[in-house]
Structure formats: C-alpha cells, structure tokens
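Colleague: quick one, what's the 3D model for this:
(one chain, ligands or ions: 1)
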Amino acid sequence: MPKALIVANWKMHKTATEAAAFVQALQQYPQPEDRTMIICPPFTILGVLRNQGVPYGAQNMHWEEKGAFTGEVSASMLVDQGCSYVIIGHSERREHFGETDGTVAKKVDAALANNLMPIVCVRSVEEVTPDLVGKEIAIAYEPVWAIGTGKAATPEQAQEVHAQIRKLVGPDVSILYGGSVTADNAGSLMAQPDVNGLLVGGASLDADQFWKIVNY
Ligand code: PGA
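Modeller: The predicted model follows:
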C-alpha cells in the first residue's frame, strides 16, 4: 500500500494572494515523510504552488487533448502547470455539471496517458465501474450526505464501504474518505484498515487546520 494521501480540495476558493499566504504558513511546519500532502486549488492559482515543495493537482480536466471546448483545460495543460494529480468526478461535478461514469472513465484514461494520477471520486460502490478497475488511480469515497454538512461518516461506516470498494479494486489502490473531515475525526477515520487517505474540503482552507489533519 502506498503512503497515505491527504488531499486538500479548495473548490472555488482563494485568490493568488490567499494561496501564497497558505503556502507560507504551511512551510513553517516540517513536511511529514510517511504521508503525501496534496493541494488541489482552482486552475487560476496552480502556478502559485510551483516549486513550493508541495505536490499539487487540479480539481477537474477535459478528456480531449485540445480543440474547440471553450472554458475547458486538458491533461497536458495541467502537466504544463506542474500538476501531478487531478481530482475526477467529484460529486459536485456530477451533480452540477452533468458528469457521468462515462465521462469520468474518459477523463481517467486521458489523465493516465499524461502521467497524471487521477483521484476518482465516487458517491457509492456502484460508481466504481469496471472501467476504473485495474488502473493506477486513487479512489475517494464521499457520501453525498457528508459533503460540507459537518456530518462525517463514522469510521465504521466508512470502513464498511471502503472494504466493499477494496474487493473491487484490489490491495494496491489507495481508497480515500471524504466528507466533513476535520482535525477531530481524521485520526479515527485513518485508523480503519481500508481508509488510506482523506479528501478534505472546508477544513483544508485554513493552513493550521489542514496541518492538523495531515498530522492526524
Ligand atoms: P468537505 O468537502 O470536507 O467540506 O465536506 C469534501 C469534498 O467535497 O471533497
């Protein structure tokens, strides 16, 4: 099993100035060696993270390499911005922007073809489709009722679903939990055998809070 992945999903938050302040605050702390901390800011401020010693990624991408797709960004453009990761199929993308298991599969293949590590979000075991199995991805299980509500899954609830996902994807895929993760519940979630990382929204916007989560 690879190192634990602790991922900040900033969603549509932060200006370049705010992101730079966050990075500066984080750099006061020693980097943990036994886990990987990843920041996923909006596209517009990916450049702020370049050469800061923190791996980073985007929150979305298009599956085509280039073309007439106004407003979209391709995998190679993300690589060009120094990204190593990309979140794909977040619940909010599925809900508000019409993403489906089909578009998620196309994005995963395009990301992998460009050496970007996809962090594929699923809201249920059913969304772990055969298209995702056998690929070098991470999966983030995020129950819709837990996202941004302050009501995280209990560690036992998370483990139960993660164990079902584990049966489908095998031992080598990191399975992250997301949905109302805080510094208070991060440790008990990470203590579960099939919880290999965390995808953190609201609590990742403050550097001190996020640092506490990273050090669950
Ligand atoms: P939350 O968001 O931590 O604010 O619940 C998680 C997510 O949507 O990735």
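
Colleague: who's in contact with stretch 25-42?
Modeller: Applying Cβ atoms under 8 Å, 6 or more residues apart in numbering, the external contacts of stretch 25-42 come out as 3-14, 19, 48-49, 52-59, 84-87, 119, 197, 204, 207-208, 210-211, 214-215. Every C-beta, even on glycine, is put in place using the N, C-alpha and C of the backbone.

Colleague: which of those are close to the ligand?
Modeller: Restricting these to those touching the ligand (Cβ under 6 Å from any ligand atom) yields Asn9.

Colleague: mind checking which of the contacts of stretch 25-42 are buried?
Modeller: By neighbour count, with 16 or more other Cβ atoms under 10 Å, the contacts of stretch 25-42 hold 4-11, 14, 19, 48-49, 52, 54-59, 85-87, 119, 197, 204, 207, 210-211, 214 as buried.

Colleague: now intersect those with the strands, please.
Modeller: If you go by DSSP state E, the buried ones among the contacts of stretch 25-42 have 4-9, 57-58, 85-87, 119, 197 in strands.

Colleague: excluding its backbone neighbours, what's nearest the residue of the chain found nearest the ligand?
Modeller: Going by Cβ to the nearest ligand atom, the ligand is nearest to Gly201 of the chain, at 2.2 Å. For Gly201, ignoring the flanking residues on the chain, the nearest one in space by Cβ to Cβ, 6 or more residues apart in numbering is Asn9 at 5.1 Å.

Colleague: name the SS class of the nearest residue to Thr100 once chain neighbours are set aside, please.
Modeller: Excluding the flanking residues, the one nearest Thr100 by Cβ to Cβ, 6+ apart is Arg94, at 7.2 Å. Secondary structure assignment for Arg94 (DSSP: H, G, I helix; E, B strand; the rest coil): helix.

Colleague: can you read off the pLDDT for the most far-flung residue of the chain relative to its centre?
Modeller: Going by Cα atoms, centre = their mean, the residue of the chain most distant from its centre is Ala68, 27.4 Å out. Ala68 carries a pLDDT value of 98.

Colleague: many thanks, we can stop here.
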